[in-house]
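[1] no letters, just coordinates:
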Ligand code: FAD
């Protein structure tokens with residue numbers, strides 16, 4: 001099918017919204033639309049228990065709070081309902097090189113001057129033989145590695161996110177959305193009807209014969225992308241030359257010991273492994289390049305590396321990293337895996353879902369769909385995913401690993417010019433300039449650049465205005481402040497026990 005011509009866009013008001021799919025994407029979209037615009041809309045959500053959901057996606061980033069604030073979700077209730085734990089960052093193990101680790105925290109490292117980030121002062125101090133480990137200046141990093149966590153009502157103690165059970169999260173949001181009037185329809189969509197003149201979707205025919213009609217359709221059908229790709233024919237932009245992993249194998253295990261407040265990401269010679277601790281179990285998986293290891297070998301490596309009793313048979317998930325060329329076409333918006341996929345290295349997919357749903361509210365075509373809204377939606381979606389894509393590629397490209405053909409490929413591969421520029425600028429000057437609206441800030445980029453092994457050749461000259469004493473005092477104050485705050489924080493498990501302990505699952 002050809003793209004819809006702007007002149008064919010029907011200008012009828014949008015009242016009936018049909019969400020196809022009820023995974024994390026479908027239920028986040030349903031919750032956001034019903035909370036923000038529910039009084040003006042009829043919202044239906046179709047999902048099939050038989051098809052099920054992808055069942056992974058359990059680590060998040062701090063901006064999930066924005067979604068929960070919009071939805072007015074109570075934190076302890078949500079944590080208990082989803083068996084969640086707290087997350088202060090990600091421990092990257094064996095990425096820079098075998099047996100070398102670093103931590104990408106959600107916190108701010110040190111304090112910055114308007115002209116130069118903290119790393120410049122730290123680099124100057126290092127050159128003068130002053131200062132300590134870069135991580136000593138970040139509360140979230142030190143607390144994470146010491147297995148501590150605390151928050152209060154203002155969330156002022158530290159910057160954090162959650163690990164949660166994906167199935168329980170979808171169930172929680174379903175209850176939330178149904179209470180706000182969303183109508184759930186169980187069953188399989190057998191056919192998607194379109195209008196041959198406008199190219200618009202008119203209805204979804206269910207296997208059992210029912211026809212679900214609507215004005216706007218949200219495709220949350222997961223990797224199969226039943227509406228946007230299969231029906232409207234929107235093409236996929238494949239990024240696998242930059243992100244060679246194309247398969248995951250996931251397994252759940254029983255908890256052994258207390259949950260740590262961070263995700264573990266452990267690199268292997270052909271991919272990497274995640275470990276996500278929840279209150280009631282642990283989520284594990286390996287993301288790998290099927291050109292470099294067979295699925296059976298990856299599964300064996302996963303089972304050899306997990307701790308605790310295996311609770312379910314491991315599941316394989318095939319994917320192609322990339323993005324649909326448009327995520328909104330005609331009267332169909334794709335949110336979630338149906339719109340594209342970046343591997344979960346920095347836990348960004350749920351964030352992209354949240355952004356997609358909130359953007360839909362911002363640009364909601366209440367008075368009729370117009371091409372300028374579609375273009376704006378697509379542009380914003382592209383900008384955010386390209387920045388995240390570059391950030392993820394950075395972890396593969398900048399490495400000292402030489403132990404396998406996979407890492408040789410990653411080290412040698414060509415990368416997007418946008419990323420090449422950033423790496424070069426940081427390497428030469430220590431500068432990291434964020435683009436407006438970018439998800440990962442200077443702190444994140446600097447932690448990962450240095451963690452992966454880049455030491456800038458120079459840093460900002462303003463740091464040389466400080467005497468040895470002034471520089472040492474400045475760093476020492478930051479470090480003492482981190483230490484002071486950290487010792488006051490309870491252990492992660494102790495905090496959960498008093499604030500939000502979940503009942504054991506039935
Ligand atoms: P799905 O969960 O696949 O849901 C699709 C829905 O569509 C289901 O309800 C299904 O029943 C329905 N459906 C499909 N076809 C039909 C049909 N014909 N009729 C009726 N219903 C239909 N993200 C993160 O943020 N953090 C992570 O740590 C993370 N880890 C991940 C690990 C892996 C290995 C993978 C693959 C992804 C990970 N993600 C992560 C991404 C995250 O899992 C997804 O973004 C999220 O689960 C959303 O999926 P979805 O709702 O788009 O699709």
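    Arrived safely. Please read all numbers here as calculations on a predicted model, not as lab measurements.
[2] now the nearest residue to residue 437 once chain neighbours are set aside: how far from the ligand?
    In space, and not counting its chain neighbours, residue 437 is closest to residue 383: 6.8 Å by Cβ to Cβ, 6 or more residues apart in numbering. (C-beta placed from N, C-alpha, C; glycine too.) Applying Cβ to the nearest ligand atom, to the nearest Å, the value for residue 383 to the ligand is 19 Å.
[3] are we agreed that residue 383 is in a helix?
    Yes - judged by DSSP: H, G, I helix; E, B strand; the rest coil, residue 383 forms part of a helix.
[4] got a pLDDT number for it?
    What the model reports for residue 383 is a pLDDT of 95.
[5] likewise residue 11?
    On the pLDDT scale, residue 11 is placed at 76.
[6] which bits of this protein sit near the ligand?
    21-26, 46-48, 51-54, 56-60, 166, 188-189, 220-222, 224, 226, 248, 250, 285, 317, 319, 336-338, 344, 347-350, 353 (Cβ under 6 Å from any ligand atom).
[7] filter those to the buried ones?
    Buried by 16 or more other Cβ atoms under 10 Å: 21-26, 46-48, 53-54, 56-60, 166, 189, 220-222, 226, 248, 250, 285, 317, 319, 336-338, 344, 347-350, 353, out of the residues of the chain next to the ligand.
[8] burial of residue 17, as a residue count?
    Around residue 17 there are 26 other residues, counting by other Cβ atoms under 10 Å.
[9] so which elements touch the helix or strand encompassing it?
    Using DSSP states H and E, the element containing residue 17 is strand 16-20. For strand 16-20, the elements it packs on are helix 24-37, strand 42-47, strand 211-213, strand 216-219, judged by 3 or more Cβ pairs under 8 Å, 6 or more residues apart in numbering; DSSP states H and E.
[10] okay, the angle between it and strand 42-47?
    With axes from the mean of the first three to the mean of the last three Cα atoms, to 10 degrees as the basis, strand 16-20 and strand 42-47 are set at 10 degrees to each other.
[11] now do the buried residues in strand 16-20.
    Buried residues in strand 16-20 (16+ other Cβ under 10 Å): 17-20.
[12] all helices for the chain, in order.
    24-37, 64-71, 75-82, 118-127, 139-145, 166-179, 295-305, 349-362, 371-397, 405-412, 417-429, 442-451, 468-488, 492-499 (DSSP state H).
[13] so which of those gets nearest residue 259?
    With Cβ to Cβ as the criterion, residue 259 lies closest to helix 492-499 of the helices of the chain, at 6.4 Å.
[14] which helices and strands does the closest one pack with?
    Counting contacts by 3+ Cβ pairs under 8 Å, 6+ apart, helix 492-499 is packed against helix 75-82, strand 85-87.
[15] let me know which of those is tucked in deepest.
    strand 85-87 (a mean of 27; mean count of other Cβ atoms under 10 Å).
[16] can I get the helices and strands packed on strand 16-20 in CSV including mean pLDDT?
    What follows is the helices and strands packed on strand 16-20, written out as CSV (pLDDT from 0 to 100):
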stretch, mean pLDDT
helix 24-37, 98
strand 42-47, 98
strand 211-213, 98
strand 216-219, 98
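[17] winner for burial among those?
    strand 216-219 (a mean of 30).
[18] I'd like the helices and strands packed on helix 492-499 as JSON lines, with mean pLDDT appended.
    As requested, those are exported to JSON lines (pLDDT from 0 to 100):
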{"stretch": "helix 75-82", "mean pLDDT": "96"}
{"stretch": "strand 85-87", "mean pLDDT": "98"}
